[in-house]
Every structure is written in structure tokens, then in C-alpha cells.
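**Student:** can't give you the sequence, but here's the structure:
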């Protein structure tokens, strides 16, 4: 009765707490990232709990302790324990659990129990360890069983939720005890906590009931199990044989055969031994039938020639000699030896290993011809072969034509679809599996969760699968819990991911990596680095994915020092030559702006792939070195690495930044050659490039050919039209975009408002700002208000623009004040200009534009004393004016000019051309506008100062260096002055050349004396 009392019914708290605190991340501050680089003693090959303290992983006794457990060496284990005590380090919970396990495995139950009693900070692993100790003990068996049950009862009333690992030793105690009611009590408990359909638990109960002769209960439980393995069938067969129920033995054996599983030699011997006791003609006939079946299944090996061939195939396969196995199969066919389903299973595995699709198709034909395509195991092998050969279509065809499928069939297809970026197909297969009444296992769940992580609607399905996993007990499986962590991390639900991570008994490397990646995706890169440090402290050795992820986190934080430590750790662990790690470290240095280190890392990569090349090219562009980016592209092509769509999109961006039209056209030609012309990323970049290089017509033609619904492409076209002053076309394009059902975003409205600004459409601008919130739910941001202020300033409504700035829901930016100050200069509004300049200088005291524009306002009003004061203030505050310069690309070479520039090798010819142009345009009516000379000098000197502005010099050089029919394209870093604008209109007329000038604000297209801006800019 005492034993029964220990298994009595107790109430289980519905609110089960995790054995680990939910806020485990609060411990992260205890760990230093630099620590793991400088202390090699922290390395450990063990896999401790992720929440163990640093002393656990660093303790050298741990490796000795693990060796003692594996060898069952009590003396060695005690030495490790003594070392911990004498060193002054009290074992933490993790080491305590391992010590209990060690004493248990070494047969010292007393020591294990003593240590358990002294441990107050127990977790579920502690309880499982001591229960396992009692289950494995052979000392005083009855007393130990009673005490084991008493401990189990204490565990049930605690806050811990028991798992299948808890029930394993308890069920063994039930078997040892000899009491059926004990097993029934545990069986009832498993039903209560939802573990009754767990394969391990159910199998153990079937075994116990069978051993006790409770064949009816065992069979009822057995029939209810959706997944049965060969061992479980053998347990039931043996139970019937021992009970003398020979008819039931044969019925069960028949069901075994029909289940799709293949009986093994244990099954056959069990059945043959059972029915051999039936002394009758019928019994003898049954024995002969079973023996014949045994021969067919090759358990009677003496006369089975096919068995010997299959064994040879398997030996080749095991040695990795796939083609040797195939050649052996050919010899078998030539020898006209009968083959069977096992033959095809082995040969298809060999072909899958060789990745030979054509050979696989030939064998498939042979399978169909032989009639073995209806055998489930052979069909599964065909699915596996086609999947590994990358032919998911043929794999699906085999699957669709299968008359009978087992769980392996479904798992193979679900897994392969998930791995082949057919995530939706994988999820649909999972739903069909459930509709067919099959029960998914841990491999099914892990595969479909992988698919969920890449689906938009996958999060909803993931939560349903999570609930199913909890209900069926599969959640305890490491693959399943890791897959769930991965899905929640990628979906940004880090709270749920953390909860799963905390409750995971022993976190594997995949879990650590998923959590780190999730933090980065959730913009919590600091937590990712802290987790990396904690992982190292826990003794888990990082792999290449861990290091690449940690490097990415450092790059996101622009944490160069931490990134360098990770680089050092990669070198120390010899992962620095891994391409994945190198690419991650390369990206980190680029994001941190350390291009010199990036060049060194890139140069050390033995064979950079397209990702490494693209990363390096992108880094050069992001750090302002477009020329080197284009040079790297040429090196990439020479190395034989093919660029992909991301490489091209990045390269086109480089051409846009340089406005290097010829380079851009060459890249466009490569895009067409390599069949990336219709890729939305590349198409968007090319459209943007042509627009920024001043060829808006080509940009529009490309846009029309794309025929895409990608909002980024429409934005690139719309912004391009706005920059070129084609406001009417831009606004019409916006209407077409709306009518086509393409949802605009905030970038779209920047383009729309820019078009309004460059064309003086004030009422249109106000209307579109209102429609952002009313029609599309987009809250206007500072960039949108900047466009509105710019539009009002250009229209001369300076006071109204100032009111817009004051009424905004956020602080004005420096660029907004700068635009308004420029408008004040154009309008000659000194008072407003002075106020705006003060606001601008309060935000950016070193902004030269504020001083220059204010000085220009005073100069335009002939207030030369105020001009002098403004310039003296610049000198006093050591603010330097950004020099104005213009450049032109001639024969793939950039020629740069500043005002009065005489450094060019052809300076004399350029100045002669300027003098000639000035003379000709004066004859056509050009009058220099000396209001733009902000110097207190004579009128004639003012005129001559205007002649040699940088844009005039660049145009003059282009006229003497390019064919007469070609378009001249000039870029200026500042806003073009009014006099130059007028002069270029005349120059385009007298030279009969089209001139495209891109200044800091927009494009000006001059043709036949007219500018596309309509003199409004």
C-alpha cells in the first residue's frame, strides 16, 4: 500500500512555470564579448545548458566528468567532484545534474541521492537524473522502486511539467516493480498530460502490459498508436506467442506485412517458434508458408542469390562507391539474377548519391517495367533520387501516382518542397496529410515549419502546428522546438522565441543561431552579440553560421571593435577561410567604414563567389568609391564568376552615382546578354540610372518594357520625371499608377510633391499632402513637408513656407531651412532670410551654405558691410565654403572644372572657346546678368567674372572634344546661377547642340535656346 500511496492521484497546477526565468536575457550584461577572444581556456566541446554560469563551461573538471560518465569510472568521477570542491567552486545546477548522472551510471546511488538532497536549485533535468538513478540501480531493488515512486510523486506536485524523459525511468520502475496497478496509474497520468500518444511512452506501456500478460490492454493501446516500428510489432507478436494465441499471431503477422513495414529476422523467428508448437497438418502447412515468406524476405539466406547481390550493393553504398554499386547492378542484370524491391532501394540510393538524373530515369523505367513501382519503399526511393537530383517535378509525379503512401512518402515530399523554395506547396501537402488521417511525426513538423518561416501567411499556420506539437508531445523533440524558434524569430515574435528557447532542455547550435538571427531581424543586434557571448560561456562551440551572424550583428551596430574580436575568434577557430564567414566579416568591415580591412579580407578569400564580389562592389559604392566598384566588376568577370541580379543592380547604382552613362550602357548590355533584363531589381536600377544620367526618354522606354507592378519601379520613373521638370508627365503617371491598383508608398509621394515643386503647382502639392493620410493612410514625414516648403519657396511664398515649418508636428531639418534660405535669396527677402539663417546655424553651426546664402542676400541688396561681416564670421568660426565645380564625361574619362580653372591640359583651347562663345551669344542678344556677381567691383570686371564659371568651362571643353551631333552632359554640384542658365540657352542655340545640365536640384535640358525647366527652378 505504501507503494500505491506514492503513485496516488495529485492535482497538477494548470499554470506551469518554466524552470528558467522568462527574462533570461537580463543576465547578458554579465558577459564580455572580448573575453572569449583572449581566454582560450573557455573552449569546450561539451554542450551545457544555455543558462549555466561561466564557471560551468570554463571548469576543466567538466571534460573529466563526461569521460567518467561514458566509461562508468567512479574513481575518475569522484576525482572530478573533489577537484571542484577543493578549487572553491561549488558546482552549479548544470554540473550538479551531470554529477548525479555520473554517480548513477557508476553504480553509486547513495552518492547520487546525497547530492540531490543537497541541491536546492533543482530543475526538471535534476529530477530526471535522480529518477534515472533509481531506475538503473540494482541495489535493494524493492526499496529503490518505492523511493523512486515517492520522488516521482514529489515531482508531480512541484511546478515542473514532466516530459517523456521523466516518464522513461518511471516506466522502467513500473516494469521492475511487478505491479500492474502502478503501470495503470502512470498510464492515466500520461493521458492527463497529453503524452499518451507519444511513440516512446505508448511503446513502453505496450511492452509493460505485454510482460504482465495484460494482452487485451496492450493490444488496445497498440491499435491506437498511429506510428509503430518493427520493434513494437515484435513485442506484440512475442506476447501472443507466449500466451499461446497462435491464430492471433498469424493475424497480427499478416497485419504487420500489410502495414508497409518489413518484418525482420526477430519477427520471423518469433512466429516460426510459436506456430511450431501446433502439431497438426494445418500447423505444418502454416510453417511452410511462413518459411516461404521468410525466404522471399531473405531471412533464409542460405539459398538466396539475390541477397548476396544486395549485400554487395549495400557494401559499395556504405563505402561511398556509388558508381561501383551501379556497375554491380548492371552485372546482376546481365547474369539474369532475379531482383527484388531491396535491389531497387539500394541502387536508387546509390544513384541519388551520384546525383545522376539521366541514370536515375533509366532505372525508373526499369522499375516500372518490373512492376516494383507499386512498392512503397521503392517509390519513396524514387522520390528521394529525383529530389536530390533537383528534379522536384518528377518527384511530385512519382508521389501523385502512388496508390499507397506511408509517412515517409509524405515527409519526403514536404521536406523537398520546403528545401526547393516551394513553401506553399509544402504547406498544402501537410494539410493533405492531415486530411488523409495520417499522424505527422517530428520530421514532418520540422519540415513544414521550415516552409512556414518563408511564407507570408506562415505565421498563422505555425501557431496551429505549435499547438498540435504541444498536444501530441512532439514539442519535446529537439528538431521541432528548434524549427519553432526559427519560425518565431524570422517572423519577429522574439518573445515567443525566447520562451521556447528558455524551456528547451539543452539548446543546440541551430537554436542559438536562430535566436541570434531573429534578434538581428528585429533590430536588436546588441542582444544577438550578448547571446553569442553567452553561448561561448555555456561551452557551445560556434560554427560558420554563428560567426557570420555575429559579424552581421556587429555590422548592423557599426561596432568595429566587437567585429574585430569576432574576426580574431574566426581566425583562432580556423573558420576565417570559410566563404560564409569571410563574406560576413567582409560585410561587417564595409558597414563600419573600414574599407582597408575589407580589402584585406577580400584579398584573402581563395575563391570569392558572386555574393563576396557583390558585397565588395556594394561596399565601394556605399563608401563613395564608385570607380573601384566598376574596376572590381571587371575583375569579377575575368575571374569567371557570373554576376547575378543583385550584382547588376549594385553596379547600375555605381553608374548612377558617377553619372557614367557609357559605363551604365555597357552594364545594361551585359544585363541583356545574361538574361536579367526583365528582373524587377535590375530594371528598377537601370530606369533610375538612365534618369539620373539625363536620358529620361530611355528611362521611360525601359519602364514601359518592364510591364511590372513593382512600386519601386514606378517610383524610380516618377521621381526621374520630377527631377527633369516633366511635372505633367509625372502626375499623369501617378494617376495611371492609381488606376492600375498599384498602392503608392511614401517614396511615391516624394516624387509627386517634387514634380509639383519644380513646376509651381502649389494647390496640387497641398492636395496630395492631404490625400496621403485620407486616401492611403500614409502619415506625411519630414521629407514630404520639405517638398512642400520647397514648392512654396520657389513660388515666392516665403512667409507661407515659414508658417508650414512652424506648424509641422516635428522639428525642421537643416535641408528644409537651407531650401527656404535659398528661396529668400532669390526673392531678396532679407528679414526672413536672416531669421531662417539663424535657425539653420542653430542646427548646423558649421554649415557653409547658411553663411554663403545670407552673404548673397546682402550682396544682392548692395549691403557690402553685412557681406563682409558674414564672411568674417565664417573665418572666425573656421567654416569653409564648399567649392562649386562641374564635370563632364568624355570617352569614359571625367574632366572636372572650377571657376577660373586653368589646370586642364587644354586650358588655352578651352578659354579660347569660351571667348568665342561669349562673343557669338552676345551677338544673339545675351546680356551678362551681373547681379549674380556678389563682389563690390566694377561692372566690366563683374562681366568677366561670369564668363569663366565652371559649367561654362565644362561645356566649352565638351564642344571641342565631342562629335557635333552628340549630346553634352554636364553635372554641377551646386545650383546653377541665373546668368549661366541664360548663357547656356544661347549656347545651345548657336552651337545647335543639346546640352543636359544636372545641378544640385534638378535637370535642365537645353535645346534650340529653350530650357525644359521653363525658367522655373
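**Tutor:** Noted; the coordinates are in hand. The structure displayed is predicted, hence computed values, not measured ones. Numbering: from 1, shown residues only.
**Student:** For the stretch 901-1017 of the chain, give me the ranges with low pLDDT.
**Tutor:** 930-945, 1017 (pLDDT under 70).
**Student:** the helices in it, which residues?
**Tutor:** Remark: helices assigned in the stretch 901-1017 of the chain by DSSP state H, counting those that start in this stretch are 907-923, 939-947, 950-961, 978-991.
**Student:** most packed of those?
**Tutor:** helix 950-961 (a mean of 24; mean count of other Cβ atoms under 10 Å). Bear in mind the C-beta positions are built from the backbone N, C-alpha and C, glycine included.
**Student:** Name the surrounding residues that touch that helix.
**Tutor:** Helix 950-961 has contacts (Cβ atoms under 8 Å, 6 or more residues apart in numbering) with 884-888, 890-891, 895, 897-899, 901, 904, 906, 909-911, 913-914, 917, 968, 970, 972, 976, 980, 983-984, 987, 991, 993, 995, 997.
**Student:** again, 6 Å this time
**Tutor:** 884-886, 888, 890, 895, 897-899, 901, 909-910, 913-914, 968, 970, 972, 980 (Cβ atoms under 6 Å, 6 or more residues apart in numbering).
**Student:** Verify the stated contact: residue 791 with residue 758.
**Tutor:** No: counting by Cβ atoms under 6 Å, residue 791 stays clear of residue 758, with 8.3 Å between them.
**Student:** where's residue 528, which helix or strand?
**Tutor:** Element membership for residue 528, per DSSP states H and E: helix 525-537.
**Student:** Show me what secondary structure element comes after that helix.
**Tutor:** helix 544-557.
**Student:** Run a quick neighbour tally on residue 435.
**Tutor:** 8 (other Cβ atoms under 10 Å).
**Student:** and it, how far is that from residue 428?
**Tutor:** 10 Å (Cβ to Cβ, to the nearest Å).
**Student:** do the same with residue 95
**Tutor:** Distance from residue 95 to residue 428, by Cβ to Cβ: 48 Å.
**Student:** now residue 634
**Tutor:** Residue 634 is 46 Å from residue 428, by Cβ to Cβ.
**Student:** Pick out whichever of the two has more residues nearby.
**Tutor:** residue 428 (14 against 10).
**Student:** can you pull the buried residues of the helix or strand hosting the more buried one?
**Tutor:** Using DSSP H and E, residue 428 sits within helix 423-435. Neighbour-count burial for helix 423-435, with 16 or more other Cβ atoms under 10 Å as criterion, is recorded at 423, 425, 426, 427, 429, 430, 433.
**Student:** now the helix or strand hosting residue 326: how far from the chain's centre is it?
**Tutor:** For residue 326, the element it lies in under DSSP H and E is helix 322-334. Taking Cα atoms, centre = their mean, to the nearest Å, one finds the center of helix 322-334 at 43 Å from the center of the full chain.
**Student:** which strands and helices sit next to that helix?
**Tutor:** helix 305-318, helix 341-354 (3 or more Cβ pairs under 6 Å, 6 or more residues apart in numbering; DSSP states H and E).
**Student:** Let me see the mean pLDDT of it.
**Tutor:** Confidence for helix 322-334, expressed as mean pLDDT, is 86.
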